[in-house]
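Asker: A predicted structure for the sequence below; I have some questions about it.
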Amino acid sequence: MALAYLGSKKPTAAAIMSSPPQLLLTQDDLKKIAAYKAVEFVESGMVLGLGTGSTAKHAIDRIGELLSQKKLTNIIGIPTSTQTHEQALGLGIPLSDLDTHPVLDLAIDGADEVDPDMNLVKGRGGSLLREKMIEGCCKKFVVIVDESKLVDYIGGSGLALPVEIVPFCWKFTAMKLESMFMEAGCVAKLRVENGNGKAYVTDNGNYIVDLYLKKDIGDLRAAGDAILRLAGVVEHGMFIDMATTLIVAGELGVTVRNKC
Ligand SMILES: O=C[C@H](O)[C@H](O)[C@H](O)COP(=O)(O)O
């Protein structure tokens, strides 16, 4: 794994440990560093998948900035959510869709978890279906994360593995999902909106069931296929073998890793 330090001098661990806390980078600083590094892969004339979330937002801002400075030209963006669509429109990024541009040069997006094989969990922001459709059509898929997203195995953070489902009989689907991963100690919860407790509704009019796993589920492809075979499931948030490049920003620098 190549390690490139952004500063002119690599800070020693001792220097970081003795720095006043306010000089340390915030998690958002790290997201921005990873995002700006990813935008270095963008070239004029590209059709780009525009990701969703707090990390991808920095990349889209940067693309908008480079377009306004004419350092990038002739870019077409395909947004992965209504939220990203709005952001890109506001920045004057020309937009299109998969119907018109079924092959994309590059997509840049964040992730909720990244395992050692560069498999991902995505969708804690609710956008997994459009992300998977768009990022599955890219010649290059650059994933940008701060180091807190790295896990030993998918589900290893103990946080949600999202599954998008149809609203019809959602309790039945949630119960089926939970029993599917019973051996991993799975608990399935319907995602609700903050504040009012109503079911969260995706851009596609669906619900999300979040799976909380206590153990490694093992074969991800088998698990993903089993989830998709369940009537009522639309898509799951495991992005298996899709990322081609991983950019991780941490306190000690930024690493860029390409999938062999
Ligand atoms: O649905 C949301 C997307 O999959 C995001 O890419 C993912 O949740 C990471 O978001 P953030 O960069 O805000 O951590």
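Answerer: Noted; the coordinates are in hand.

Asker: Next, work out how far apart the residue nearest to D203 when sequence neighbours are not counted and A88 are.
Answerer: Leaving aside its sequence neighbours, D203 sits nearest to T82 (C-beta to C-beta, 6 or more residues apart in numbering; 5.1 Å). For every residue, glycine as well, the C-beta is placed using N, CA and C. The gap separating T82 from A88 is 11 Å, by C-beta to C-beta, to the nearest Å.

Asker: more neighbours, these two?
Answerer: The neighbour comparison of T82 against A88 (other C-beta atoms under 10 Å) goes to A88, with 22 against 13.

Asker: Which strands or helices does the helix or strand containing the more buried one pack on?
Answerer: Element membership for A88 (DSSP states H and E) is helix 82-90. Helix 82-90 is packed against helix 54-68, strand 76-79, with contacts defined by 3 or more C-beta pairs under 8 Å, 6 or more residues apart in numbering; DSSP states H and E.

Asker: any idea which of these is most buried?
Answerer: Mean neighbour counts were compared across those using mean count of other C-beta atoms under 10 Å; the top stretch is strand 76-79, at a mean of 24.

Asker: Let me see the residues that make contact with stretch 168-183.
Answerer: Stretch 168-183 is contacted from outside by 163, 165-166, 186-190, 199, 207, 209, 211, 213, 215, 217, 223, 226-227, 230, 232-233, using C-beta atoms under 8 Å, 6 or more residues apart in numbering.

Asker: residues from the protein in reach of the ligand?
Answerer: Residues of the chain lying close to the ligand (C-beta under 6 Å from any ligand atom) are 51-56, 109-112, 122-128, 131.

Asker: Please, where are all the helices along the chain?
Answerer: 13-18, 27-39, 54-68, 82-90, 128-135, 170-180, 220-229 (DSSP state H).

Asker: Of all those, which one is nearest T255?
Answerer: T255 lies closest, by C-beta to C-beta, to one member of the helices of the chain: helix 27-39, at 9.5 Å.

Asker: who's in contact with that closest one?
Answerer: 6, 25, 54-59, 62-63, 66, 108, 110, 142, 144-148, 245, 247-251, 254, 256.

Asker: Output it as CSV, restricted to C-alpha atoms.
Answerer: This file holds the C-alpha atoms of helix 27-39, laid out as CSV (Å, rounded to 0.1, in the frame of the first residue of the first chain):
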residue,chain,number,x,y,z
GLN,A,27,-13.0,13.5,11.0
ASP,A,28,-14.5,16.0,8.5
ASP,A,29,-11.0,17.3,7.7
LEU,A,30,-10.0,13.7,6.9
LYS,A,31,-13.1,13.2,4.7
LYS,A,32,-12.1,16.3,2.8
ILE,A,33,-8.5,15.2,2.3
ALA,A,34,-9.7,11.8,0.9
ALA,A,35,-12.2,13.6,-1.3
TYR,A,36,-9.7,16.1,-2.8
LYS,A,37,-7.3,13.3,-3.5
ALA,A,38,-10.0,11.4,-5.4
VAL,A,39,-10.8,14.4,-7.6
